[in-house]
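>>> Turn this into a model:
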Amino acid sequence: MSRVIFHIDVNSAFLSWTAVQRLKEGIEPDLRTIPSAIAGDDQSRHGVILAKSTPAKKFGVQTGEPIAMALKKCPQLLCFPPDFPLYARSSESMFQILSEYSDRLERFSIDEGFLDYTGMEALFGPPQECAQKIKDRIFRELGFTVNIGISSNKLLAKMAGELEKPDKLLTLFPQEVPQKLWPLPVEELFMVGRKTAPRLHKMGIYTIEDLAKYPPALLVREFKSFGMTLHAYANGLDDTPVASAEESRETKSIGNSTTLPYDVTDRETAHKILLALAETVGMRLRCSSLCAQEIAVTIKTSDFRVYSHQKQLLNAVDCTNAVYETALEVFDAAWKKEPIRLLGIRAGKLCQEGCVQLSLMEEDWSRQKQADAAMDQLKLKYGKKAVQRSTFAGNEEKAFEGGKIKIHHKIL
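Now for the predicted structure:
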């Protein structure tokens, strides 16, 4: 039986989710209809555009560019800070709907995923008919639009969804590859990044068709085994399976880092920043019902040197204080007193919460876990500012809980 794969991708996810929430609160206008963007703090050194509206795109505003540059292109651009707890809830709501149509559902990122529809026609109808129902249902129940690409493998389903945006239902089956895929610039092919594209151009490869017809041996000579992957993708070939719902939810690590608005040179300030990061990491562990057996700290210095150290734990933890105290131990042992530009905490070697065995060699965090659970509930219900530690009262370090969110999933 030929496979049928859906790729579902939220249109301008962060901006759409913020826009929907504002409309629910009675705040007009709809951000998706005006020049607007989700952006970091323009007072910090990581103030960049994270998502943009279609009207903003018409002014040339691009994801990843500094806010100052975007405002030069579009002075009337309205920028709003990201709300990651909201985005996590919105993503969960969408995947809950998708899970009703197949148990083979793989989360590719917070705003996109793959659904294996093979053999489900008897229950939900022809693929395109069902995909349209899913699109309509997501918009009706959740208020935002998605693109759905349909094909016989994950690669072509993803590429289909990229052909035209927003709010589209598109197909890209193998027989459509020469017409729809090959004419595209080679940099639009999945896995061809900013570093790979110039190398391909030097080889005379400018379109996906050029890559598809290029001698594989020469690609291997230039890119090693990655050359065969590029050649296969250009020809629409991909046999990777869609993971089950349980497998796709498996998180490799949970972390948080922040680029600082000024160079930190004293231990006390660094410790406060680590506490803010530990709160975010701890909460995400608990929300995912996961515990960590390894805590790592990453330090980037003012001259852009990066190093990290980690510690293995006898007992897996999800308690904020446990994450924080381990991070302090690692940081104090690793820091070489250089000015710090970035700090990060990563929780690794994850396991399910129910699999954790208590150890007499480790501190009892049971009371702290109860406090963490209460704080989590308040933050999820009333927002992240509903409750905070007295350490952060009147201090700007509380703003460092955002930064770069890294929840790693498997790739194609």
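
>>> how about low-confidence regions in the stretch 301-412 of the chain?
Residues of the stretch 301-412 of the chain that meet the criterion pLDDT under 70 lie in 353-412.

>>> Before we move on, what's the pLDDT of the closest residue to Phe124 other than its chain neighbours?
Excluding the flanking residues, the one nearest Phe124 by C-beta to C-beta, 6 or more residues apart in numbering is Cys130, at 4.3 Å. Heads up, the C-betas are built off the backbone N, CA and C, glycines and all. According to the predicted model, the pLDDT of Cys130 comes to 98.

>>> so how far is Phe114 from Cys130?
15 Å (C-beta to C-beta, to the nearest Å).

>>> between these two, who's got more neighbours?
Taking neighbours as other C-beta atoms under 10 Å, Cys130 and Phe114 compare with Phe114 leading, 27 against 22.

>>> Now find how far off-centre the helix or strand harbouring that one is within its chain.
Element membership of Phe114, judged by DSSP states H and E, is strand 112-116. Distance, stretch centre to chain centre, for strand 112-116: 15 Å (C-alpha atoms, centre = their mean, to the nearest Å).

>>> Name the next helix or strand following that strand along the chain.
Using DSSP H and E, the next helix or strand after strand 112-116 towards the C-terminus is helix 121-124.

>>> outside of that following helix, which residues touch it?
Outside of helix 121-124, the residues that reach it under the criterion C-beta atoms under 8 Å, 6 or more residues apart in numbering are Val4, Tyr101, Tyr117, Pro127, Cys130, Lys133.

>>> now the angle from the helix or strand following that helix to strand 112-116?
Secondary structure here is assigned by DSSP H and E; on that basis, the next helix or strand after helix 121-124 toward the C-terminus is helix 127-142. Using axes from the mean of the first three to the mean of the last three C-alpha atoms, to 10 degrees, the interaxial angle of helix 127-142 with respect to strand 112-116 works out to 140 degrees.

>>> and helix 127-142, what does it pack onto?
Taking 3 or more C-beta pairs under 8 Å, 6 or more residues apart in numbering; DSSP states H and E as the contact definition, the neighbouring helices and strands of helix 127-142 are strand 5-10, helix 84-98, helix 121-124, strand 146-151, strand 169-171.

>>> Mind listing what's buried along the helix or strand harbouring Ser257?
With elements delineated by DSSP H and E, Ser257 resides in strand 254-264, which encompasses its position. The neighbour-count check on strand 254-264 (16 or more other C-beta atoms under 10 Å) flags Ile254, Gly255, Asn256, Ser257, Thr258, Thr259, Leu260, Pro261, Val264 as buried.

>>> and the nearest residue to Glu164 once chain neighbours are set aside, bridged to which residues?
Counting by C-beta to C-beta, 6+ apart, Glu164 lies nearest to Leu170, which is 6.4 Å off, once chain neighbours are set aside. On DSSP bridges, the residues paired with Leu170 through beta bridges are Gly149.

>>> ok, now which ones touch Leu170?
With contact taken as C-beta under 8 Å, 6+ apart, Leu170 is in contact with Asn147, Ile148, Gly149, Ile150, Ala160, Gly161, Leu163, Glu164.

>>> now do 6 Å
With contact set as C-beta atoms under 6 Å, 6 or more residues apart in numbering, Leu170 has these partners: Gly149, Ala160, Leu163.

>>> count of neighbours near the first one?
Going back to what we said before, that points to Gly149. Residue crowding around Gly149 was assessed by other C-beta under 10 Å; the count is 25.

>>> thought it was touching Glu164?
No. The pair formed by Gly149 and Glu164 falls short of the contact definition of C-beta atoms under 6 Å, at 10.1 Å.

>>> re earlier: what's the pLDDT at the residue nearest to Glu164?
Looking at Leu170, its pLDDT reads 98.

>>> try the one 10 residues further on
As predicted, Lys180 sits at a pLDDT of 98.

>>> residues near it, how many?
Lys180 is surrounded by 19 other residues when neighbours are defined as other C-beta under 10 Å.

>>> now for whichever helix or strand Glu106 is part of, which elements pack on it?
Glu106 belongs to strand 105-109 when assigned by DSSP H and E. Contacts defined by 3 or more C-beta pairs under 6 Å, 6 or more residues apart in numbering; DSSP states H and E place strand 105-109 against strand 112-116, helix 245-248.

>>> Nice, that's everything, thank you.
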